[in-house]
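Q: Quick one: sequence and predicted model below, then my questions.
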Amino acid sequence: MGLILAVVAPVAYSRGPLIYAIKDARIVTVTHGVLSKGTVVLRDGLIEAVGRRVEIPEDARVIDGRGLTVYPGLIDAHAEVALRLPKSTGRQPGGASERSPRPPTPSKRPSLHPDRLAAALLQADDARLDKFHRVGITTALTIPRRGIFIGQSALINLAGDDPARMVIRSPVAMHIGFDRMGGFRTFPGSLMGVIAYIRQTLYDAQHYELAWNRYRRLKRGVRRPAWDKALEALQPILKREEPVVFIANEAKEIRRAIALADEFHLNAIISGASEGYQVAALLAEKGVPVLVSLNFPTQPKGADPQADVPLRVLRLRARAPQTPAALYRAGVKFAFTSGFMDDPKDFLANAAKAIEAGLPEEEAIKALTINAAEIFGVDEQLGSIEVGKIANLVVTDGELFDEKTKITHLFIDGRQIELKEAPKKPGAAEEQPTADASGTWELTVESPQGPISVTAVLEQVGNKITGTLTSMFGTTNTEGAVSGATVRFTATVDVQGQSMDVEFEGTIEGNTMKGTVSVQGQGEFPFTGTRPQKGAWL
Amino acid sequence: MAMKTLHRLGTIVVGLMLVSLAQAEGRSSGQTILIRNATIMTVTKGTIKNGSILIRDGKIAAVGKRVRAPADAQVIDATGKYVIPGIIDCHSHIAVDGGVNEGSLAVTAMVRIEDVLDPTDINIYRDLAGGVTTANILHGSANPIGGQNAVIKLRWGKTAKEMLFEGAPPGIKFALGENPKRSNFSPPPGTPRRFPATRMGVEYVIREALTEAREYMRKWDAYRQKVAARNGDRNDLIPPKRDLKLEALAEVLRGERLVHAHCYRADEILMLIRLAEEFGFQIATFQHVLEGYKVAKEIAAHGAGASTFSDWWAYKVEAYDAIPYNAAIMTRKGVVVSLNSDSAELARRLNLEAAKAIKYGGLTEDEALALVTINPAKQLHIDDRVGSIEVGKDADLVIFSGHPFSVYSIVEKVFIDGQIYFDREADLARRAEIEKEKETLKEQLKSKEKPKKKTEEPSEKPTGR
């Protein structure tokens, strides 16, 4: 594998020198201890040499490493990054979506994409890559976040001109989520429906294999089974050739995922695990690796400070950072993820919280490097500073977890990555707002069921919006942002006991607003509205 | 009969498992406890004044006026207090994650409450504090055939799996009338009305599903016969495809899965009785069954139980023709009747619901108490384990401060499998502790947030999907 990469890697990045030597730096190799003063040589995307006494090639661009520390590039073990997400059509197949006199059946299989490869959805020019680079992340396991049979992830380097060159391994794992399709309209609309659907689909996949095996064996006298791309794609997980990543945070969710994995003898990996400290022993007993989210639960922004928060929630907020230490003590293999933070700026700060909660620092470094590489089967290529491995490096001016430390250099595939400063102001990357959304809006959503009235009381500070939405489904809080004259706000609406995410996106012109609202699992509908002027809203 | 025996066997095995589990954990279920000087309402064997109950290994070891206890037994003096069997709620929707209805389809027999039990739902503890020890957690009534229910013991603090009532026969929810035809619900935006929309349609959906299940059963029977005929040589044989929906309905047809049918009107009750008899199975319980008094004889003749409310009605058209005498009349006509909560709140005072059947209809004290203890146990086919205070049964017991039918009485202690799961004194004592922990955690979380504040960049909330 290393050899193959050596041959193909240089082609991708032709700009700038491809030979670097970082000399006289402190080197944290992860697998072979720490060199207090040594040199690393990178050539053509690979680590060519590392050690105390290393000859610096004549053609190398030399970086004076005095006062600097070199770490392997950090791995985000589960993210939704550098992906061109398939556009949701809104209208989901299956369920009651078709007008039919017969009761609908679940045979239409919504959210069944086990054959979808993240590697085929890559886009190299994701603007969010800068945010990952800023905290030293060079590599990520990427996959769309939502769905049920979501697809198969790819481990990618977070830089390159050509998406195809970013892939380190694909597929890495099957990803199964527990996202409901949307209320009473589309099966499965409940969590128990999701689980039943996963179970039925896996039974279908088992039967599919039986039927094809018989056909292959007998050849004559048997009708050939229908080929099915989804059931075909599920075979590797049933044969334990490919692991399955389940997103599960609370202890009960982790238990559910493990029970499901046990039922079908799947090789499970748990992602999230904020309550992992409660089930460390179970995870150890089952030998289940964990991708621990560093997006620790905190008090939501704008939450009522006087609200009586249940003890269970407070405990979770206080103890989630203890999960890594608990897993370490129980002997569970784990790696860190950014937990779908839009901007993983707290990635290292939160890893430091895990250290504060009892995780040895070197274990935290492993969780950011070699552990992920081992879990994903690429520890020969990645995760430590060793000769022949992929030249992903983070160079810092101090200890990785010290909040004063700055990342000075970042290398991905042996190429130096420019570190762009974070924008100073919120949403500076976005357009400055040219409209003020503050006020009481009377909106009308054109649903196929007829118009639905929504009263939106919004308050805009800077480019941020907060407020409430009131409709036949009750009143909920909303938040969003304004960019130019475009306003976006989201809310979670309770429709007959099922919560649905709704997102309004519209443009403001004077006292009118016009746009579309997308309702989770339902589709997109146009809306219009006005802001009746009764007195000033100031 | 065979099922009963199997049951017993299951009970013994599970009992043994529990004991060993408790010993392994060093817990108190292996402990011997004597409750003495209590008024014991056994439900099935009358009321014993100044009586004692001996609990050993999670079971009731002895009951009576004079009970010999080993010297090391923990003694609970219950002078002036009442002991009743743990209350059984035959219709509950607590402790369910992610929706109690899979309402997208008309038939969802494949979904299982067991998969989504939430052992951390505070309502478990609140119901426990009202003396409930066992609950039948049902799927909702949005579709003619809903999902599979789970009978649980309210073992607060245990995992979802550990809460399951070991050996309780499986069940399923059916629903008739306004809810499955969605008369009182406006569909969410963009949603067409789901079939069925009439009572005729509801009947059709159930009949069609059962017919399909019968076909499915035949397919499997034929396969098994073929396998047997070939002496296990199944070279070119593969089993039919498993269908979890039809599998559950086939169990209904074979009498292995209890049907709990949500209903209101007399006509729809008769409809389902006819339909069940046509397919050769029995309805286990009619739920709500507010017009049950009109067709009590027919319900009794079919052999179904009725699980109703004392005086909760008129919340929709089909719930108007209700009377508070419903439970008593059905009881007198020979129906096994229970009173349920269908509500996390009402579940905390089912004892008072039972009391109302004395005022309305003149049931005896035992008959009234049976409505929330032995009768629901019979309806759920777990009466060999729970529902009355008898030697050999699970030590699921409630100590009330006074007569359980008095509004002034409160629950003091609740035992499940001989372990205390609710203790009012301990609860009161713990409250200050909990407040203190909350304050400490709040402070701790605040101080952790602070240093971050200095370097905090303005956050960007994703407004995306």
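A: Yep, that arrived.
Q: which element is the nearest residue to B:Leu244 once chain neighbours are set aside on?
A: Of all residues not flanking B:Leu244 in the chain, B:Met110 sits nearest, at 3.9 Å (C-beta to C-beta, 6 or more residues apart in numbering or on different chains). In short, each C-beta sits where N, CA and C put it, glycine included. Assigned by DSSP states H and E, B:Met110 falls within no helix or strand.
Q: Please give me every residue in contact with B:Met110.
A: A:106, A:196, A:199-200, B:147, B:243-245, B:247-248 (C-beta atoms under 8 Å, 6 or more residues apart in numbering or on different chains).
Q: Show me where the stretch 301-450 of chain A has its helices.
A: A:311-319, A:323-330, A:347-356, A:361-367, A:370-375 (DSSP state H, counting those that start in this stretch).
Q: what separates the second one from the chain centre, distance-wise?
A: The gap between the average C-alpha position of helix A:323-330 and the chain average comes to 22 Å, counting by C-alpha atoms, centre = their mean, to the nearest Å.
Q: Repeat that for the third one.
A: Averaging C-alpha positions (C-alpha atoms, centre = their mean) puts helix A:347-356 19 Å from its chain's average.
Q: CA-only coordinates of that helix, as PDB, when you get a sec.
A: The C-alpha coordinates for helix A:347-356 follow below in PDB (Å, rounded to 0.1, in the frame of the first residue of the first chain):
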ATOM      1  CA  PHE A 347     -11.400  20.000  19.100                       C
ATOM      2  CA  LEU A 348      -8.200  20.300  21.000                       C
ATOM      3  CA  ALA A 349      -9.600  22.300  23.900                       C
ATOM      4  CA  ASN A 350     -12.100  19.600  24.500                       C
ATOM      5  CA  ALA A 351      -9.500  16.900  24.200                       C
ATOM      6  CA  ALA A 352      -7.700  18.800  26.900                       C
ATOM      7  CA  LYS A 353     -10.900  18.500  29.000                       C
ATOM      8  CA  ALA A 354     -10.700  14.700  28.600                       C
ATOM      9  CA  ILE A 355      -7.100  14.900  29.900                       C
ATOM     10  CA  GLU A 356      -8.200  17.000  32.800                       C
END
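Q: out of the contacts of B:Met110, who's nearest B:Ala71?
A: For those, the residue nearest B:Ala71 by C-beta to C-beta is B:Gly147; the value is 50.4 Å.
Q: Is any residue of the strand or helix carrying the closest one near chain A?
A: Element membership for B:Gly147, per DSSP H and E: strand B:145-153. Yes - judged by C-beta under 8 Å from any C-beta of the partner chain, strand B:145-153 and chain A are in contact via B:Gly147.
Q: What lies in contact with the very next helix or strand once past that strand?
A: Sequence order places helix B:160-163 as the next helix or strand after strand B:145-153, per DSSP H and E. Residues outside helix B:160-163 that contact it (C-beta under 8 Å, 6+ apart): A:252, A:255-256, A:259, B:95, B:114, B:117-119, B:124, B:152-155.
Q: middle-most residue in chain A, spatially?
A: Residue closest to the average C-alpha location in chain A (C-alpha atoms, centre = their mean): A:Ala79, at 2.4 Å.
Q: returning to that earlier point: kindly state which of the helices of the stretch 301-450 of chain A is positioned closest to chain B.
A: Minimum separation from chain B across these (C-beta to the nearest C-beta) falls at helix A:311-319, 4.2 Å.
Q: Show me what that closest one packs onto, helices and strands only.
A: In terms of contacts (3 or more C-beta pairs under 8 Å, 6 or more residues apart in numbering or on different chains; DSSP states H and E), helix A:311-319 is packed against helix B:424-455.
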